[in-house]
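Peer 1: predicted model, plus sequence, below.
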Amino acid sequence: MSADPEQEYFSDGMTDDLITDLSQLSGLFVVARHSVFAYKGKTVTMKEVSRELGVRYVLEGSVRRAGDQVRINAQLIDATTGYHLWAERYDRALKEIFALQDEIMQRIVRALEIKLTKTEQERFRLAPSENLEAYDYFLRGQGYYWHLTQKEVAQARQMFEKAVQLDPQYAGAHAGLSNAYLCEFGFQWDPRPQTLERAFELAQKAVALDDSSAFAHHALGVVYPWKKQMDQAIAELERAIALDPNYANAYAMLADTLNWAGRPEEAIGQMRKAMRLNPHYPQYQAWYLSALGHSYRLAGQNEEAVTTLKRSLLHNPSWLPTYAHLAVVYSEQGREEEARAAAAEILRLNPSFSLELGRQSWPYTDPAQLERDMIALHKAGLK
């Protein structure tokens, strides 16, 4: 609600922090930020939100920041009845922001009569950084990062780097910076091996700084598959989920990793959990559905795979992995024309794609499955 539109990242960051804190409580089911942010700026009733997200309670509010002061209005509503369980307005100095977040958390916990474990109680007393300027740069970085464009991921990286410089002990900033480097590597904006190594080093550092951070373990878990270390990836992602049982993208990434590890039936279950926690997942529908289609393909459920992969393309017709999975399944089904059409889309999106590149980048633990996919892609016309 600031008169300065540049402050939007701050309110988004506060919202994201509260979602993250709440999602780490074992006694709560909390919908992911991406589905929550789908309602931003829209006029909806609490009952609509409750029905569409499958939740009973909704936390809503506003943030106004002016100089070194912050005003937060917050209210917790039982969306099924419209009853306000709790409402409060806070006027505080910015330097008290972490204490304020903790106070809001405690009020919500009391209102919902949630019993915190000793570990949960200790975790919420830990401020992410003692340096408010570093925290501010971290929030700015997150605001840029979620757009997932080359320009804004580069801006996110710059913000995270400033946060790390200001507070070298800030685990979240290291994890965020790792994510930015990995994004640049994965989308081939900066495909140099040292970019991947930088992402790996930063994720390792984040975990070393704060072993209780689900965000840090997730950052490390998403790097390991690129290094073809599936057991380590699965262990890190399972650790992230243990620390944050509502971490939708950790379930989705675990599903993706289980596919490459040859465990598609387990992957299907993990992806369904991700979809339940993040039912709108606007930025991730193509990925979620593509990975689920991959699971069905590996499990031999070809028709289900084709249907799911086509749904993925409705959300992002430029998602290359979906065309690759379609080319394989069509080829193995003898649907030559459709397989060649999918292969043509792969080359349209990445003219330099080759079977050798596929062999290098598809991290199957089973060489036989990798060769089977390469044979199918060759039949579809790729070389």
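Peer 2: Here it is on my side, so go on.
Peer 1: ok, the residue nearest the centre of the chain to residue 277 distance?
Peer 2: Centroid-nearest residue in the chain: residue 249, 4.0 Å away (criterion: Cα atoms, centre = their mean). For residue 249, the distance to residue 277 equals 9 Å [Cβ to Cβ, to the nearest Å]. All C-beta spots, glycine's among them, are computed from the backbone N, C-alpha and C.
Peer 1: list residues touching both of these two?
Peer 2: residue 32 (Cβ atoms under 8 Å, 6 or more residues apart in numbering).
Peer 1: got a list of what residue 130 touches?
Peer 2: residue 167 are the contacts of residue 130 under Cβ under 8 Å, 6+ apart.
Peer 1: can you do 10 Å?
Peer 2: 98, 167, 169, 170 (Cβ atoms under 10 Å, 6 or more residues apart in numbering).
Peer 1: now name the helix or strand holding the closest residue to the first one other than its chain neighbours.
Peer 2: Of all residues beyond its chain neighbours, the one nearest residue 98 is residue 127 (4.0 Å), with distances taken as Cβ to Cβ, 6 or more residues apart in numbering. With elements delineated by DSSP states H and E, residue 127 resides in a region that no helix or strand encompasses.
Peer 1: state the number of residues packed around residue 127.
Peer 2: 14 (other Cβ atoms under 10 Å).
Peer 1: for residue 347, see how far away it is.
Peer 2: 50 Å.
Peer 1: swap in residue 362?
Peer 2: Residue 362 is 17 Å from residue 347, by Cβ to Cβ.
Peer 1: where do the strands sit along the chain?
Peer 2: Counting by DSSP state E, the chain has strands at residues 57-66, 69-78, 83-93.
Peer 1: name the helices or strands packed onto the second one?
Peer 2: Think strand 69-78. Where contact means 3 or more Cβ pairs under 10 Å, 6 or more residues apart in numbering; DSSP states H and E, strand 69-78 is packed against helix 8-23, helix 46-53, strand 57-66, strand 83-93, helix 97-112.
Peer 1: same question, the first one
Peer 2: In terms of contacts (3+ Cβ pairs under 10 Å, 6+ apart), strand 57-66 is packed against helix 8-23, helix 46-53, strand 69-78, strand 83-93, helix 97-112.
Peer 1: kindly recompute the last result at 7 Å.
Peer 2: helix 8-23, helix 46-53, strand 69-78 (3 or more Cβ pairs under 7 Å, 6 or more residues apart in numbering; DSSP states H and E).
Peer 1: any buried residues in the shortest one, and which?
Peer 2: To tie it back to what came earlier, the one meant is helix 46-53. By neighbour count on 16 or more other Cβ atoms under 10 Å, the buried set for helix 46-53 is 46, 49, 50, 53.
Peer 1: next, the angle strand 69-78 makes with that helix.
Peer 2: For helix 46-53 against strand 69-78, the angle by axes from the mean of the first three to the mean of the last three Cα atoms, to 10 degrees is 80 degrees.
Peer 1: who's in contact with helix 46-53?
Peer 2: 31, 35, 39, 56, 58, 77, 79, 80, 82, 279 (Cβ atoms under 7 Å, 6 or more residues apart in numbering).
Peer 1: of those residues, buried ones?
Peer 2: 31, 35, 39, 58, 77, 79, 279.
Peer 1: can you name the two of those residues that sit furthest apart?
Peer 2: Comparing every pair within the buried ones among the contacts of helix 46-53 by Cβ to Cβ identifies 77 and 279 as the most remote, at 19.1 Å.
Peer 1: separation between residue 140 and residue 156?
Peer 2: 8 Å.
Peer 1: cool, and residue 216?
Peer 2: Residue 216 is 17 Å from residue 156, by Cβ to Cβ.
Peer 1: and if you look at residue 62?
Peer 2: 25 Å.
Peer 1: what about stretch 29-41, how long is it end to end?
Peer 2: Using Cα to Cα, to the nearest Å, the span of stretch 29-41 from its first residue to its last is 24 Å.
Peer 1: look up phi and psi at residue 318.
Peer 2: phi -110, psi 20 (degrees, to the nearest 10).
Peer 1: can you check residue 213 too?
Peer 2: Residue torsions, per degrees, to the nearest 10, at residue 213 are phi -90, psi 110.
Peer 1: roughly how far apart are the nearest residue to it once chain neighbours are set aside and residue 306?
Peer 2: Computed as Cβ to Cβ, 6+ apart, the closest residue to residue 213 that is not its neighbour in sequence is residue 171, at 5.1 Å. Between residue 171 and residue 306 the computed distance is 42 Å (Cβ to Cβ).
Peer 1: more neighbours, the two?
Peer 2: residue 171 (23 against 20).
Peer 1: residues contacting the more buried one?
Peer 2: 206, 209, 210, 213, 216.
Peer 1: so how far is residue 370 from residue 322?
Peer 2: Taking Cβ to Cβ, one finds residue 322 at 18 Å from residue 370.
Peer 1: which one of the contacts of residue 171 sits closest to residue 301?
Peer 2: Using Cβ to Cβ, these come closest to residue 301 at residue 216, 35.1 Å.
Peer 1: now that closest one, nearest residue through space, not along the chain?
Peer 2: Closest to residue 216 by Cβ to Cβ, 6+ apart is residue 206, at 3.7 Å.
Peer 1: okay but residue 115 is in contact with residue 28, surely?
Peer 2: No. In this structure residue 115 lies outside contact range of residue 28 using Cβ atoms under 7 Å: 11.0 Å.
Peer 1: thinking again about what came up before, so which of the helices and strands packed on strand 69-78 gets nearest residue 162?
Peer 2: Of the helices and strands packed on strand 69-78, nearest to residue 162 by Cβ to Cβ is helix 8-23, at 13.7 Å.
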